[in-house]
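Undergrad: How does the following fold in three dimensions:
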Amino acid sequence: MRIKYNPTRIISTADLFIACDPPIQFEVKVRLTPEWAIKAREWDESEGEEIETAIELMSEAFLNVSQDSETFPLNTIKAVKGLRDSIEKDNPGYGNEFIKTIVEMFSNNHFRFLAIASHKFALQSGPLNGTTNKKKQVA
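TA: Modelled structure (predicted):
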């Protein structure tokens, strides 16, 4: 049996509703840990101001970043800080904001992606062939 399973996907700044030209692409993990989800929710509920947490979240979810024909690893804290510094160099005062915006929009995108995938799976599963309890109409 040959089954293809790719636990990653490619997203761009356009998918995250972040305008830039040329667009930036990211390879991200499809399956993130429950710990990542909890940390992302807590970070979001604290209004996403802590840059160190945003950097950690990005390093745990993102594998690489690419633009044009160049690709750079992004799966370590050091690499994410390098991306931040690269943005900061050409856009003074914007490096931290860029990282926080990417993490916030990715979190929204990721959970929307999972919801859509779950819905499609439920539709493909079809009815349960009468194995569920029958519903009675209330009079």
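Undergrad: where exactly do the helices run in this structure?
TA: Per DSSP state H, the chain carries helices over the ranges 34-45, 51-61, 77-90, 95-125.
Undergrad: Which of these sits closest to Lys4?
TA: Among the helices of the chain, the nearest to Lys4 by CB to CB is helix 95-125 (16.1 Å). Every C-beta, even on glycine, is put in place using the N, C-alpha and C of the backbone.
Undergrad: what's near enough to touch Ile87?
TA: Shown in contact with Ile87 (CB atoms under 8 Å, 6 or more residues apart in numbering): 94-95, 98-99.
Undergrad: Please write out the alpha-carbon positions of stretch 69-85 in CSV.
TA: Extracted in CSV, the C-alpha atoms of stretch 69-85 (Å, rounded to 0.1, in the frame of the first residue of the first chain):
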residue,chain,number,x,y,z
SER,A,69,13.7,31.7,-5.2
GLU,A,70,15.2,31.9,-1.7
THR,A,71,14.1,29.6,1.2
PHE,A,72,15.2,29.9,4.8
PRO,A,73,14.5,27.6,7.8
LEU,A,74,12.2,29.0,10.4
ASN,A,75,11.8,26.2,12.9
THR,A,76,14.0,27.6,15.6
ILE,A,77,13.8,30.6,17.9
LYS,A,78,17.1,31.9,16.4
ALA,A,79,15.7,31.6,12.8
VAL,A,80,12.5,33.5,13.7
LYS,A,81,14.6,36.2,15.3
GLY,A,82,16.6,36.3,12.1
LEU,A,83,13.4,36.9,10.1
ARG,A,84,12.3,39.6,12.6
ASP,A,85,15.7,41.3,12.2
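Undergrad: For this protein, name the helix or strand with the lowest mean pLDDT.
TA: Scoring the helices and strands of the chain by mean pLDDT, DSSP states H and E places helix 95-125 at the bottom, with a mean of 75.
Undergrad: No further questions, thank you.
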